[in-house]
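1. generate a structure from the sequence data that follows.
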Amino acid sequence: MTGASPLRPGLLVAAAVLTVCVPEGPLAETGARVGVQVHPSDVAGLLLVFAATVAVLSGVSAPPRRALWAFGPLVVAAGLATLCSPDITASLPGFIRVVQLFVLVPLAVLILVRDRRDALIAAGGVVAAGLIEGCYGIWQARTGNGASYAGENVRAVGTFGGTDVMALSVVAGLALVITLSFLLAGPWRLRLLAPAALLVLAAALALGLSRGAWIAIGAAAVLVLFAYSVRLALWTAVTAVSLLIVLAGGLGVGPGFDMLADRTRSLADITDAPDQSVVDRYSLWTAASGMWQDHPITGVGVKNFPAYRDTYAPIELSSAGEVADDSGYRRQPLLSPHNQYMLFLSEQGVLGLAGLLTLFGTLLYGVCAHRSPRDPLWLASAGLLTALLIDFLYSDLGGAGSVLVSIVIGLIAAGPTVWRRPGSAQA
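-> Reported below is the predicted structural model:
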């Protein structure tokens with residue numbers, strides 16, 4: 001019985017989540033010298049895999065049969081893309097990274113999260129990580145110790161620094177989805193605490209200034225609200241639209257407000273008058289599309305996008321992105337298309353994209369087949385999956401926050417074993 005265990009597996013998962021908040025140090029710098037970025041969260045992810053392996057070998061737990069159909073095609077596709085790569089040596093670390101983030105860590109979480117209590121503990125770890133990063137990010141924005149935006153260091157980036165400006169938005173956004181779910185359907189004690197946490201996470205998400213994260217988390221929140229109550233969702237939508245109108249208008253109530261208003265208005269300018277970051281993203285997507293058209297089945301090889309980028313990219317693409325924070329100014333190479341689907345398509349071809357879509361399709365089927373809108377864990381899973389599916393249109397896995405996303409994928413996969421069935425008593 002899991003209740004007799006001196007250390008619940010959910011605590012291991014929550015601890016692994018919290019390592020995402022550890023700033024990069026000598027371990028990451030050592031890894032960078034050999035071409036692989038290593039973060040404490042990567043080590044924590046490997047420890048989860050080790051713990052899951054021990055659980056399976058000792059007969060305590062076992063992966064469900066559906067795991068083979070969810071994760072197997074992705075492993076096969078990544079393996080074929082690596083074997084067919086023009087540079088197998090360069091692709092091998094990429095293959096290991098893909099298997100780590102999309103297979104091993106999620107599968108380990110699926111094995112370790114064996115009951116509802118484990119799932120609640122793990123979800124609590126995600127919220128705790130979001131609050132830690134969110135509070136730090138708000139402080140950065142208020143004191144000018146964040147990353148540069150419009151010439152001022154006011155962009156909230158948390159412990160991730162200016163080289164990973166989207167990570168805080170992802171961490172805070174996923175935590176926000178979980179918090180919202182428990183505010184709506186959780187126990188009354190959590191409902192009392194949830195509003196304050198939601199306010200912190202929403203403020204951090206806003207100050208992170210990530211337009212893609214705003215869209216993804218906004219859509220996830222709308223889905224959660226509609227799944228729980230259509231009337232509540234409509235009332236909230238009216239309020240949110242009114243707030244956006246106020247933001248878009250600016251009203252000149254302060255520099256922080258004007259900054260958010262400018263960023264909000266820029267959402268409407270993405271096609272008409274895109275800024276350089278949007279131009280670069282479109283150019284990277286064009287390059288990825290060109291790679292796929294010339295290498296449709298297995299792509300150019302895992303981790304080979306940077307080597308082929310300049311061959312396929314239009315002239316409008318910048319050579320690198322500009323990064324500035326309290327550590328100084330530097331230029332950061334653009335090494336991916338900032339779109340997870342396009343990255344798989346360019347580096348692994350249609351086989352790789354099919355493997356990724358098979359995984360997400362399996363998760364989506366599980367969520368739809370076990371609908372339980374009065375269960376906060378089910379609401380959170382539905383919202384988290386929505387957020388990831390949309391966020392991957394604007395970003396790809398990289399940096400310290402990657403392991404958190406892997407753990408979230410594992411939590412969604414574990415859902416059918418921990419969600420309440422409609423009509424059952426609350427656990």
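2. rounded mean pLDDT for the strand or helix carrying residue 237, please.
-> Assigned by DSSP states H and E, residue 237 belongs to helix 230-249. Mean per-residue pLDDT for helix 230-249: 75.
3. lowest-pLDDT helix or strand in this protein?
-> Within the chain, no helix or strand scores below helix 26-33, which has a mean of 45 by mean pLDDT, DSSP states H and E.
4. tell me the first helix or strand C-terminal of that one.
-> Following helix 26-33 in sequence, per DSSP H and E, is helix 40-57.
5. what packs against that next one?
-> Helices and strands touching helix 40-57, as assessed by 3 or more Cβ pairs under 8 Å, 6 or more residues apart in numbering; DSSP states H and E, comprise helix 9-18, helix 105-112, helix 402-418. From N, CA and C alone the C-beta is placed, and that goes for glycine too.
6. pull out the buried residues from the helix or strand hosting residue 282.
-> Residue 282 belongs to helix 276-294 when assigned by DSSP H and E. Residues 280-288, 290-292 are the ones in helix 276-294 that count as buried (16 or more other Cβ atoms under 10 Å).
7. please save the CA atoms from that helix in CSV.
-> What follows is helix 276-294 as a C-alpha-only set of coordinates in CSV (Å, rounded to 0.1, in the frame of the first residue of the first chain):
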residue,chain,number,x,y,z
GLN,A,276,11.5,42.2,-34.8
SER,A,277,10.8,39.3,-32.4
VAL,A,278,7.8,38.4,-34.5
VAL,A,279,9.6,38.8,-37.7
ASP,A,280,12.3,36.5,-36.4
ARG,A,281,9.8,33.9,-35.4
TYR,A,282,8.1,34.0,-38.8
SER,A,283,11.5,33.6,-40.4
LEU,A,284,12.4,30.7,-38.2
TRP,A,285,9.1,29.0,-39.1
THR,A,286,9.9,29.6,-42.8
ALA,A,287,13.2,27.9,-42.3
ALA,A,288,11.7,24.9,-40.5
SER,A,289,9.1,24.5,-43.2
GLY,A,290,11.8,24.5,-45.9
MET,A,291,13.8,21.8,-44.0
TRP,A,292,10.7,19.7,-43.8
GLN,A,293,9.9,20.1,-47.5
ASP,A,294,13.4,18.9,-48.5
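8. what residues sit buried inside the following helix or strand past that helix?
-> Moving toward the C-terminus from helix 276-294, the next helix or strand (DSSP H and E) is helix 305-312. Across helix 305-312, burial judged by 16+ other Cβ under 10 Å covers 305, 308-309, 312.
9. in the stretch 1-150 of the chain, which ranges drop under the pLDDT threshold?
-> Within the stretch 1-150 of the chain, the stretches with pLDDT under 70 are 1-6, 25-36.
10. before we move on, back to that, I'd like the buried residues of helix 305-312 as JSON lines, with distance to residue 146 and pLDDT appended.
-> Converted to JSON lines, these look like this (distance: Cβ to Cβ, whole Å; pLDDT from 0 to 100):
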{"residue": "305", "distance to residue 146": "29", "pLDDT": "93"}
{"residue": "308", "distance to residue 146": "34", "pLDDT": "91"}
{"residue": "309", "distance to residue 146": "29", "pLDDT": "90"}
{"residue": "312", "distance to residue 146": "34", "pLDDT": "89"}
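11. now the buried residues of helix 276-294 in a markdown table, with pLDDT?
-> As requested, the buried residues of helix 276-294 are arranged in a markdown table below (pLDDT from 0 to 100):
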| residue | pLDDT |
| --- | --- |
| 280 | 82 |
| 281 | 85 |
| 282 | 86 |
| 283 | 88 |
| 284 | 91 |
| 285 | 91 |
| 286 | 91 |
| 287 | 92 |
| 288 | 94 |
| 290 | 94 |
| 291 | 95 |
| 292 | 95 |
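12. which one of these sits closest to residue 182?
-> The closest of the buried residues of helix 276-294 to residue 182 turns out to be residue 281 (Cβ to Cβ; 34.0 Å).
13. tell me the SS of the closest residue to that closest one other than its chain neighbours?
-> Closest residue to residue 281 apart from its sequence neighbours, by Cβ to Cβ, 6 or more residues apart in numbering: residue 338 at 5.4 Å. Using DSSP: H, G, I helix; E, B strand; the rest coil, the secondary structure recorded for residue 338 is coil.
14. how close does residue 338 sit to residue 75?
-> The gap separating residue 338 from residue 75 is 24 Å, by Cβ to Cβ, to the nearest Å.
15. so those two - more neighbours on which side?
-> Neighbour comparison, residue 338 and residue 75: the larger count goes to residue 338, with 23 against 17 (by other Cβ atoms under 10 Å).
16. show the contacting residues for that one.
-> Going by Cβ atoms under 8 Å, 6 or more residues apart in numbering, residue 338 touches 281, 284, 394-396.
17. about what we covered before: need the helices and strands packed on helix 40-57 in TSV (columns: mean neighbour count).
-> Shown next, in TSV, are those (neighbours: other Cβ atoms under 10 Å):
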stretch	mean neighbour count
helix 9-18	23
helix 105-112	27
helix 402-418	25
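18. who wins for proximity to residue 241 among those?
-> Residue 241 lies closest, by Cβ to Cβ, to one member of those: helix 402-418, at 28.5 Å.
19. that closest one versus helix 105-112: what angle between them?
-> Per axes from the mean of the first three to the mean of the last three Cα atoms, to 10 degrees, the angle that helix 402-418 makes with helix 105-112 is 40 degrees.
20. how many neighbours does the residue lying closest to residue 349 once chain neighbours are set aside have?
-> With sequence-adjacent residues excluded and distances taken as Cβ to Cβ, 6+ apart, residue 349 is closest to residue 299, at 3.9 Å. When neighbours are defined as other Cβ under 10 Å, residue 299 has 31 of them.
21. distance of residue 299 from residue 355?
-> From residue 299 across to residue 355, the span is 12 Å (Cβ to Cβ).
22. cool, and residue 57?
-> For residue 57, the distance to residue 355 - Cβ to Cβ - is 27 Å.
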